[in-house]
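Peer 1: From the sequence below, what's the structure:
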Amino acid sequence: MTGLRSWLVRRLLLGAGQTVAVVLLVFALTEALPGDAAVVLAGDQPDPGRIAAIREAMHLDRPAHERLAAWTAGLLHGDLGTSLASGRPVSSYLADGFGPTLLLAALTLLLLVPLAGGLGVLAARHEGRLLDRLISSVTLGVYAVPEFAFGVLLVTLFALRLGWLPPTAVGYGDDLLAHPAALVLPVVVLLSRPVCSLARLVRAGMIDALASPYVAQARRYGIPGARLRYAHALPNALAPAAQQLARTIDWLLCGVIVVEALFVIPGLGTVLMNAVAERDVPVIQGLAVVFGCTAVVLNLGADLATYRLVPRAEVAA
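Peer 2: Purely as a prediction, here's the structure:
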């Protein structure tokens, strides 16, 4: 237990350092964005006096280090800032877009783990045979297709040609759960690449685990095949898959932006795209910090899950 505590303290310190780095990087990148929010807010024909007044009212005329200090102090108190475009708190934008994004991510993860695990175990059980080659070929082929192109292909086939599913979520509002047909294509697009990468990882891990000496010894003791696969081999095969799952969730934070734009879903991705178009720096910063801190926490959880599944992973950590 002492080893776990010391390892956890090291990972927490590393996570704190990563969080600080995220905050600094987000501020630096938003400072480097082209254009000027004051010019955007001043209208189509802005005059220099109005632009200067807007910059002064929104503290855009202050030095960068002062704005960084003020913004960081606000973050420590849970204040993500105020939108330059509307004057609303950034947290209200998060609240508006959180529901649809959480629904998409939750449905994707709910289906991802059993699908990827099942395909990986199935391919490993039939290693080198037709089913294994078929699963490996299909997952490799689907993984090679970009999400946007795959989404366009699905919309063209199932929405425009066959008319089975709606092409977008326009007209359904925020209550997407009441219209499950509008969720099918977005979830399939979000699932396409993660299922392929995780299934191939589980397959490779299962093959290695089933060929290990301890599994061979368990076979000699007469332990049934199902128990060998799921109680002994699968936990070791899941260790690298757990870390990949955290990276997959990181990817979902980016992939959901593409999917929400393609299917016109009013989630956090749409909020972020609108903020970039309006050069609404506080909204961009707030969303980026939330996404970055979420990634840090998820990777910490994945490392902990890997440590518990395979304690020798402490050495790698």
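Peer 1: quick one: Ile284 and Leu272, what's the gap?
Peer 2: As defined by C-beta to C-beta, to the nearest Å, Ile284 lies at a distance of 7 Å from Leu272. Heads up, the C-betas are built off the backbone N, CA and C, glycines and all.
Peer 1: scratch that, Pro89 is what I was asking about
Peer 2: Using C-beta to C-beta, we find Pro89 at a distance of 16 Å from Leu272.
Peer 1: With neighbour numbers in mind, choose between these two.
Peer 2: In terms of neighbours (other C-beta atoms under 10 Å), Leu272 is the more surrounded of Pro89 and Leu272; the figures are 23 against 17.
Peer 1: any idea how far Leu157 lies from Tyr172?
Peer 2: Using C-beta to C-beta, Leu157 is found at 21 Å from Tyr172.
Peer 1: go on, Val276?
Peer 2: To Tyr172, Val276 is 24 Å away according to C-beta to C-beta.
Peer 1: Comparing these two, which shows the higher neighbour count?
Peer 2: The neighbour count for Val276 versus Tyr172, taken as other C-beta under 10 Å, is higher for Tyr172 (19 against 15).
Peer 1: Check what pLDDT the more buried one gets.
Peer 2: Tyr172 is assigned a predicted lDDT (pLDDT) of 72.
Peer 1: for Leu111, same thing?
Peer 2: 90.
Peer 1: List the contacts of it.
Peer 2: Taking C-beta atoms under 8 Å, 6 or more residues apart in numbering as the criterion, Leu111 is in contact with 187, 191.
Peer 1: again with Thr248
Peer 2: Taking C-beta under 8 Å, 6+ apart as the test, what Thr248 contacts is 112, 194, 197-198.
Peer 1: buried ones in the longest helix seen in the chain?
Peer 2: Scanning the chain for the helix with the most residues, using DSSP state H, yields helix 90-125. For helix 90-125, burial by neighbour count (16 or more other C-beta atoms under 10 Å) applies to 90-91, 93-94, 96-97, 99-101, 103-105, 107-109, 111-113, 116-117, 119-125.
Peer 1: okay, now the domains of this structure?
Peer 2: According to the domain assignment given by the TED database, the chain is divided into the following structural domains: 1-76, 93-309.
Peer 1: Rebuild the ones you listed as a markdown table, extending it with distance to Thr82.
Peer 2: Listed next are the domains of the chain as a markdown table, based on distance: least, C-beta to C-beta, whole Å:
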| stretch | distance to Thr82 |
| --- | --- |
| domain 1-76 | 9 |
| domain 93-309 | 6 |
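Peer 1: Would you mind finding the most buried of those domains?
Peer 2: The highest mean neighbour count among those, using mean count of other C-beta atoms under 10 Å, belongs to domain 93-309: a mean of 18.
Peer 1: Which residue ranges of the stretch 201-317 of the chain form helices?
Peer 2: With DSSP state H, counting those that start in this stretch applied, the stretch 201-317 of the chain shows helices at 213-220, 225-227, 234-263, 268-278, 281-309, 313-316, listed in chain order.
Peer 1: Show me whatever sits in contact with both of Ile284 and Leu272.
Peer 2: Listed as contacting both Ile284 and Leu272 by C-beta under 8 Å, 6+ apart is no residue at all.
Peer 1: Kindly provide the whole-number mean pLDDT of stretch 53-61.
Peer 2: Confidence over stretch 53-61, taken as the mean pLDDT, stands at 68.
Peer 1: wait, I meant stretch 286-296
Peer 2: In this model, stretch 286-296 has an average pLDDT of 81.
Peer 1: Just the residues contacting it, thanks.
Peer 2: Stretch 286-296 is contacted by residues 15, 18-19, 22-23, 25-26, 29-30, 75, 80-81, 90-91, 93-94, 249-250, 253, 268, 271-272, 275 when judged by C-beta under 8 Å, 6+ apart.
Peer 1: go again using 6 Å as the cut-off
Peer 2: The list of residues contacting stretch 286-296 from outside it, by C-beta atoms under 6 Å, 6 or more residues apart in numbering, reads 15, 18-19, 22, 26, 80-81, 90, 250, 253, 272.
Peer 1: out of the residues you listed, who's nearest Thr139?
Peer 2: Minimum separation from Thr139 among those (C-beta to C-beta) is found for Asp250, which lies at 20.0 Å.
Peer 1: and that closest one, what pLDDT?
Peer 2: Looking at Asp250, its pLDDT is 69.
Peer 1: repeat for Gln244
Peer 2: With respect to pLDDT, Gln244 has a value of 72.
Peer 1: contacting residues for it?
Peer 2: Residues counted as contacts of Gln244 (C-beta under 6 Å, 6+ apart) are 198, 201.
Peer 1: Repeat the analysis, applying 8 Å as the threshold.
Peer 2: 197-198, 201.
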